[in-house]
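Peer 1: take this sequence and fold it.
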Amino acid sequence: MRLLVGLHHLELGGSQLNALDLAVSVRNQGHQVAIFGNYRDEPGPVAALARQAGLPVIAVRHRAERLGRAMPVRPGLSRALTRAVRDFRADLVHAYEYSVALDAFYGPHLRLGTPVVTTVYGMRVPRWMPRYGGLVVGTAQLVAEAGEFRPPPALIEPPVNTDVDDPAVVDGHSFRRSHGIGPDEIVIGVVSRLEPDMKAEGVLRAIRAVRLLADDRLRLVVTGGGPSYADVAAEAERANAALGRPAVVLTGPMDDPRPAYAAADIALGMGGSALRAMAFGRPLVVLGIRGFSRTCAPETIDYFLRWGFYGIGDGDLDPAPLAAQLGELVGDRRLRVERGDWGRQLVLGRFSLKAATQTLHEVYAEALRDRPGTRTRLREGLRVAAHKGLADLLPATARQRIRRLLG
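Peer 2: Next up, the predicted model:
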């Protein structure tokens, strides 16, 4: 099989790193795999990581990172994907996140009949997504929700390569020394792309929580970059000025963030980053949006296994609840060790890369077997365009009224 993996950008992020791990795993089982991704100014670090892993990379410059309002496709990227499929002679496209999935649908799928498998590691599957083709989601809740309007998707919880995400093989001490962090200081670490619509909010709350705790032993280390970096840096500067010390450290993005995970005593994160932190044996507080945060522990794990390692709060952005959750771990070293050991065992037992790759092979086989004809593809393309346009332009009440019509 010749597989083209499409990424919605080439910056560091959980979805991209999961895609890369799975792509390498599929390649190692004898298939030909290439990576496709777009960028604005220059290719992000994921392109270099893919090449280091021996995967060819097709990187295309394009100004739009997301789909436009009421637009079902980015025409330039759709054409580029079609060229890439032809040049690589791909049998299948695996698109991560729905923007590049629609570019693939309206490009190589409509024009060439190339099957498309889509992975969505977000909080929902839009109803305007194509109703056929392989779909992979990351939580049991999304399997149930998407199954209400299309064939049930496959469940592949964000996989972790525990052979490399392992505290026994990664040195965190040199990372701490390089950032002036002493052995007796307690590092709260977060590795995240700083996006305004999701992840940056939790990082800003974390900075304010550290300021509330006012514990001279604490250092919050933020590893990552993105559109909200300047906002996060400004908040960090205010916190450091108020505390009179460099309590918050921003490292910027790292091509290989494993030393940042290994350097932490306590981890903050969501999605794949949260699971990688657990693989390193670090106690975890999960961040979400609209003020959500929750400690990951035996008594809370059922929530995360159903809904994923994130959550949606009630809109209250008060940092006090997060400060209390962190304070519990800061004040109890034994609890940190117990939670860290428990978390690593959970990842080893449930989130292995090997099991995820096997499920993915089954999804690929079904997608290659079930190929809709030209008329079906065109009809579905018209439905997706109309449905997405209405969903983007109409208020929620109007969308509810027309849902019966569009399905």
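
Peer 1: can you pull the contacts of Asp215?
Peer 2: Residues near Asp215 by Cβ atoms under 8 Å, 6 or more residues apart in numbering: 186, 330. In this view, the C-beta of every residue, glycine as well, is placed from N, C-alpha and C.

Peer 1: okay, Gly122: pLDDT?
Peer 2: What the model reports as pLDDT for Gly122 is 80.

Peer 1: just checking, it is part of a helix?
Peer 2: No - Gly122: not assigned to a helix; according to DSSP: H, G, I helix; E, B strand; the rest coil it is coil.

Peer 1: do me a favour and get the end-to-end distance for stretch 135-149?
Peer 2: End-to-end distance for stretch 135-149, by Cα to Cα, to the nearest Å: 13 Å.

Peer 1: who touches that stretch?
Peer 2: Under Cβ under 8 Å, 6+ apart, the answer for stretch 135-149 is 117-121, 124-125, 127, 129, 131, 150-158, 271, 305-308, 360, 363, 407.

Peer 1: and it, average pLDDT?
Peer 2: In the prediction, stretch 135-149 has an average pLDDT of 94.

Peer 1: going by neighbour count, list what's buried in that stretch.
Peer 2: Neighbour-count burial for stretch 135-149, counted by 16 or more other Cβ atoms under 10 Å, picks out 135-139, 142-143, 145-146.

Peer 1: farthest pair within these?
Peer 2: Using Cβ to Cβ, the pair of the buried residues of stretch 135-149 lying farthest apart is Val136 and Glu145, separated by 14.1 Å.

Peer 1: where does pLDDT dip in the stretch 51-200 of the chain?
Peer 2: Applying pLDDT under 70 to the stretch 51-200 of the chain flags the ranges 65-66.

Peer 1: for the helix or strand in which Ala234 is found, buried residues please.
Peer 2: Per DSSP states H and E, Ala234 falls inside helix 229-243. Residues of helix 229-243 classed as buried: 229, 232, 235-236, 239-240, 243 (neighbour count, 16+ other Cβ under 10 Å).

Peer 1: other SSEs contacting the strand of greatest length in the chain?
Peer 2: Counting by DSSP state E, the longest strand found in the chain is strand 32-39. Strand 32-39 makes packing contacts with strand 2-7, helix 14-28, helix 45-52, strand 57-61, helix 75-88 when contacts are defined by 3 or more Cβ pairs under 8 Å, 6 or more residues apart in numbering; DSSP states H and E.

Peer 1: now the second one against strand 2-7, angle please.
Peer 2: Same thing as helix 14-28. Here the directions of helix 14-28 and strand 2-7 differ by 170 degrees (axes from the mean of the first three to the mean of the last three Cα atoms, to 10 degrees).

Peer 1: begin at 11, not 1, for the rest of this chat.
Peer 2: Yep, numbering from 11; the last one is helix 24-38 now.

Peer 1: pull helix 24-38 out as CSV, backbone CA atoms only.
Peer 2: Output of helix 24-38 as CSV, limited to C-alpha atoms (Å, rounded to 0.1, in the frame of the first residue of the first chain):
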residue,chain,number,x,y,z
GLY,A,24,-0.6,16.4,19.5
SER,A,25,-2.4,15.5,16.3
GLN,A,26,0.7,15.9,14.2
LEU,A,27,2.9,13.9,16.5
ASN,A,28,0.3,11.1,16.7
ALA,A,29,0.1,11.1,13.0
LEU,A,30,3.8,10.9,12.6
ASP,A,31,4.1,8.0,15.1
LEU,A,32,1.4,6.0,13.3
ALA,A,33,2.9,6.8,9.9
VAL,A,34,6.3,5.5,10.9
SER,A,35,4.6,2.4,12.5
VAL,A,36,2.7,1.7,9.2
ARG,A,37,5.9,2.2,7.2
ASN,A,38,7.8,-0.2,9.4
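
Peer 1: run the angle between it and helix 55-62 for me.
Peer 2: 10 degrees.

Peer 1: try the last one
Peer 2: Using the same axes, to 10 degrees, the inter-axis angle of helix 85-98 relative to helix 55-62 is 0 degrees.

Peer 1: between helix 85-98 and strand 67-71, how big is the angle?
Peer 2: Using the same axes, to 10 degrees: helix 85-98 against strand 67-71 is 160 degrees.
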